[in-house]
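Visitor: Need a 3D model of the sequence below.
(one chain, ligands or ions: 1)
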Amino acid sequence: MDVYIDGKFYPKADAKVSVFDHGFLYGDGIFEGIRLYQGCVFRLEEHLERLEMSAKAICLQMPWTRQEISDIVCESCRRNNLTDGYIRLVVSRGVGDLGLSPKNCPKPSIICIADTIKLYPEEFYSTGMRIITAATRRISPAALPPAIKSLNYLNNILAKIEAQQHGFHECLMLNEQGYVAECTGDNVFLIHKGKLITPAPHSGALVGITRQVALEIAATLKIPVVETNVTRYDVWNADEVFLTGTAAEVIPVVEVDARVIGTGKPGPLTAAIRAEFRKKSSHEGTMIR
Ligand code: PXG
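Guide: Below is the predicted model:
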C-alpha cells in the first residue's frame, strides 16, 4: 500500500511524518473518513466541503484547491488498485517549533491513506447492536465545536474506552445539558410512531455525511423527520434506533442501557433506510477512473 504525503507516494513502511508536526504534538489538524464503493468515492464533494469548513474553523489556510484534493483522493485509490475501501484524508498544521502557536508552522501537510476497511461483524447488522450511555459528556461546542472534524478525538476515545470496559462496542454521548448528542463515531436516529427523530445539529454532534444521506432517504420514503432535543428517555422508548456513519453505514441498535428497543429486533424502517443506503452507495459517487 502506498500513502500520499505532500505530493509524493510512499510505501506504507516509509509513510512517516515529523515528530514536530503540530498534528502529532497538539492534535492540531483536521480529517475526513471517506468510503469508496465499486470504484466510486461516495459523497466526495460533501466530504471536501466539510474539510474546508473544518479548516476555516481552525484558521488553517489550505493551499490546495478542492479539485486538487479530489485528485489526490482519486489517485490514492487508483494507485492502490482499490474498488472498495476507506480513505483517510488528513490535513495537519504542519511542522513547527515546540509551543502551541500555529504561527511557526509555515506549511500545512496533506496526507491520504487509501486502504481496505474492516467492517463491523455482519451479525451487528442482522441482529442489531447493544449500546450504553457513557458518563463522559460530549465536549461543549463552546470549548471545541463538535462540527469540526479535528484530530482531537480524546473526548470520543474516552467514551469508547468506557463502552469497551463495560463490554460494549459503542455508546451514546450526552451534551452538557444532558441531551443525546451522538455516539463516539456515529450519529443517532430514533423511529417513534412513524417519525424519524435525530438530535438537531446544535445538540453537539458532528454533522455527519451519512446522517445527511439518511435524512434524504427519509424524504424519499416519505418518513416525516424531526430534528430536535433528544433525551435518553426518548431513546429507551423508541420503536427503532439506528446509528449512521461512514464506517458503520446504517446499523440497527436493539438495546440501550439494558432497555430493549421495540421488539428487540432491527425494525422495518431501519431495514428500509438501510436498503436505500446500500442502493445509493453502490450507484452514486465520483468515479476514480
Ligand atoms: N460523529 C463522529 C464523532 C464521527 O467521528 C460521525 C459522527 C459520522 O459522520 P459521517 O460523516 O462519517 O457520517 C463520525 C464519523 C474512523 C472513522 O476512522 C470515524 C468516522 C468516520 C469514518 C471513520 O474511526 N467518524
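Visitor: Near the ligand, which residues of the protein are found?
Guide: 33, 156, 182, 185-187, 205-206, 208-211, 244-247 (C-beta under 6 Å from any ligand atom). (Each C-beta comes from the backbone N, C-alpha and C, glycine too.)
Visitor: Quick check: the farthest pair among these?
Guide: Of all pairs drawn from those, the greatest distance, 16.9 Å, lies between Asn156 and Ile209 (C-beta to C-beta).
Visitor: Among the two, which residue is more densely surrounded?
Guide: The residue with the greater number of neighbours, taking Asn156 and Ile209 and applying other C-beta atoms under 10 Å, is Ile209; the counts read 24 against 21.
Visitor: State whether the more buried one and Glu46 are indeed in contact, as I suppose.
Guide: Yes: taking C-beta atoms under 8 Å as the contact criterion, Ile209 and Glu46 are neighbours in contact, 5.0 Å apart.
Visitor: Please identify the helix or strand for the residue lying closest to Ile5 once chain neighbours are set aside.
Guide: The shortest distance from Ile5 to any residue that is not its chain neighbour, by C-beta to C-beta, 6 or more residues apart in numbering, is 5.2 Å, and that residue is Ile111. In this structure, Ile111 is located in strand 109-115 according to DSSP states H and E.
Visitor: Could you give me the buried positions within the helix or strand following that strand?
Guide: Going down the chain from strand 109-115, the next helix or strand is helix 122-127, by DSSP H and E. Using 16 or more other C-beta atoms under 10 Å as the test for burial, helix 122-127 gives 124-125.
Visitor: Kindly report the domain assignment for this protein.
Guide: Each domain of the chain is listed here as a residue range: 2-115, 124-281, per automatic domain parsing.
Visitor: between the ones you listed, which gets nearest to Ile288?
Guide: Proximity to Ile288, assessed across those by C-beta to C-beta, is greatest for domain 2-115 (4.3 Å).
Visitor: so for the closest one, what's the average pLDDT?
Guide: Confidence over domain 2-115, taken as the mean pLDDT, stands at 97.
Visitor: and that domain, how far apart are its ends?
Guide: For domain 2-115, the first and last residues are 9 Å from each other (C-alpha to C-alpha, to the nearest Å).
Visitor: which among the residues of the chain next to the ligand gets closest to Ile117?
Guide: Proximity of those to Ile117, judged by C-beta to C-beta, is greatest for Ala247, which lies at 6.7 Å.
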